[in-house]
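J.: what shape does this take:
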Amino acid sequence: AATLSHKDGRQTVVTVAARRLQPGDQSSPALHVFELPPGSPAPFTSPPPAADMLLLACVETAETAIAVIGRTGRVAMANRKCCDLLGYERLDIIGSPWLSLFVATGHRQLAAGYFQRLIAGSARLEDSYEAPMPTRGGMKRVMRWNATTLTDEGSRRVVGMVVCGSDITEQKRVAEALEDMERRYRLVSDNVTDVVWTYDLASRKVTFAGQAIAQIIGFTNEEILEIGPRPLFAPHSYDVGMNEMERHLRLDASMPKDHPHSWTLELEQVNKNGDVVWVEVTSRIVRDPLSGRPVGLTGVTRDITGRKKAELVLQESERRYRTLFENSMDAICIISRDGRIVDMNRSALDMFGYPRESLTKLNIDDLARGPEVARFKEEIEQRGFVRNFPMTLRRVDGAILDCVLTFGLRRDGSASITGYEGS
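T.: Numbering: from 1, shown residues only. The predicted structure is shown next:
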């Protein structure tokens, strides 16, 4: 217990209780500060119950970022996944303003206003929202967040907020690539639904499947327990899944008993209507606590049909683009901003006389004179494109070619200039 002096002269008696999330892990403290009137009993008179420790372990090992934000806007707790995504040690996060850690610069004013209204009780919680999150290394991750408020049991005032976030950066990258390559295609972000399940090795049957399984394949938990796993998968995927399970069980026999053993597969499931649904299945071996012998599996199934469709569309789009690129009668080149030749189509290679394997060593200075290259770069970066730009180029054998260039800028997902492309 201690007495704290406020800036305005008031004094508050507090009891501070701290414990590690994992024994012996010096980087994972959980700090609790309780404001108590004089004479109040300490909040903990015995060790935390096992249920609390189990909850802490679940939070710490969750594959979603979880953090507690105090009423003042500072981080009171952050789990391992949160630290991994941000790139900071836990002690660097605890006590820091959440806006500076979790919210990108351009979004902070809006987020600060919403948080203040939430604490004041005048704002309604959104079901979920997406926002960029800065990281220590400078990369911005796109996160999908869910939040809930913490309220004081006595006064019912809002004293903080718990946020849970999933990293959807890769999913966004696929969507941006599709938009860049084929603007007539639209990618709708998929709403991932995870299903927890258990499997018994002795009976070779599913013993539990979360209710969310019905959203993926239409079968209820009761129906799955009755029919077994085989009808739920396409024949090839069922064989792959069973073979991988047997292989990992053999591998597990040579591993220490306390070594976690898991693997992930992408498989085709068949829903109740007979349609194929792509799923990502992560499985983990469950051992008997006494003998250490494998007795079952537990895992998570995630619907990735949307992602698979997006990848197929992207592959098809890339194939069509490559066909047009290679078969064009115009000499088409892609040049990086520093002058490296990134790619040439067949017509360009024929025109300049270079073999394709030499592309990795080619630079624009091999094809054109320095002053003309400088003027080309200056004009295209000022206007965003050049059309019928006169330039004298040379073949590999030294022959001079009088050409006109039509080029545009190449940009990455953040709109930064990466090079030039054209004919």
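J.: C-alpha from now on. contacts and neighbour counts both.
T.: Will do.
J.: ends of stretch 69-79, how far apart?
T.: 12 Å (CA to CA, to the nearest Å).
J.: likewise stretch 348-358?
T.: 13 Å.
J.: neighbouring contacts of that stretch?
T.: Asp330, Ala331, Ile332, Cys333, Arg394, Arg395, Val396, Asp397 (CA atoms under 8 Å, 6 or more residues apart in numbering).
J.: could you list the buried residues of it?
T.: Ala348, Leu349, Phe352, Tyr354 (16 or more other CA atoms under 10 Å).
J.: how far away is the third one from Met391?
T.: This points to Phe352. Counting by CA to CA, the gap from Phe352 to Met391 is 14 Å.
J.: out of the contacts of stretch 348-358, which end up buried?
T.: The buried subset of those - by 16+ other CA under 10 Å - is Ala331, Ile332, Cys333, Arg394, Arg395.
J.: what is the nearest of the residues you listed to Arg108?
T.: Cys333 (41.6 Å; CA to CA).
J.: quick one: contacts for that closest one?
T.: Ile341, Val342, Asp343, Met344, Asn345, Ala348, Glu421, Gly422, Ser423.
J.: tell me, how many residues neighbour the second one?
T.: Neighbour count of Val342, defined by other CA atoms under 10 Å: 17.
J.: you'd agree it is up against Lys361?
T.: No - contact criterion CA atoms under 8 Å: Val342 and Lys361 do not qualify, at 9.6 Å.
J.: show me the helices in the stretch 301-423 of the chain, by range?
T.: 305-327, 346-352, 370-383 (DSSP state H, counting those that start in this stretch).
J.: wait, isn't Asn221 in contact with Val206?
T.: No - in this structure Asn221 lies outside contact range of Val206 using CA under 8 Å: 9.4 Å.
J.: tell me which helix or strand comes right after the helix or strand harbouring Val174.
T.: Using DSSP states H and E, Val174 falls within helix 169-181. Going down the chain from helix 169-181, the next helix or strand is strand 194-200, by DSSP H and E.
J.: ok now that following strand, how far from the chain's centre?
T.: Between the centre of strand 194-200 and the centre of its chain there are 23 Å (CA atoms, centre = their mean, to the nearest Å).
J.: got the CA positions of that strand in PDB?
T.: Extracted as PDB, the C-alpha positions of strand 194-200 are listed here (Å, rounded to 0.1, in the frame of the first residue of the first chain):
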ATOM      1  CA  ASP A 194     -12.600 -19.800 -37.100                       C
ATOM      2  CA  VAL A 195     -13.800 -23.100 -35.900                       C
ATOM      3  CA  VAL A 196     -12.300 -24.900 -32.900                       C
ATOM      4  CA  TRP A 197     -12.500 -28.700 -33.100                       C
ATOM      5  CA  THR A 198     -11.200 -31.900 -31.300                       C
ATOM      6  CA  TYR A 199     -10.400 -35.300 -32.800                       C
ATOM      7  CA  ASP A 200     -10.000 -38.700 -31.000                       C
END
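J.: which strands and helices lie in contact with it?
T.: strand 205-209, strand 294-303 (3 or more CA pairs under 8 Å, 6 or more residues apart in numbering; DSSP states H and E).
J.: now the ones you listed in JSON lines, with distance to Leu86?
T.: As requested, these are exported to JSON lines (distance: least, CA to CA, whole Å):
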{"stretch": "strand 205-209", "distance to Leu86": "33"}
{"stretch": "strand 294-303", "distance to Leu86": "24"}
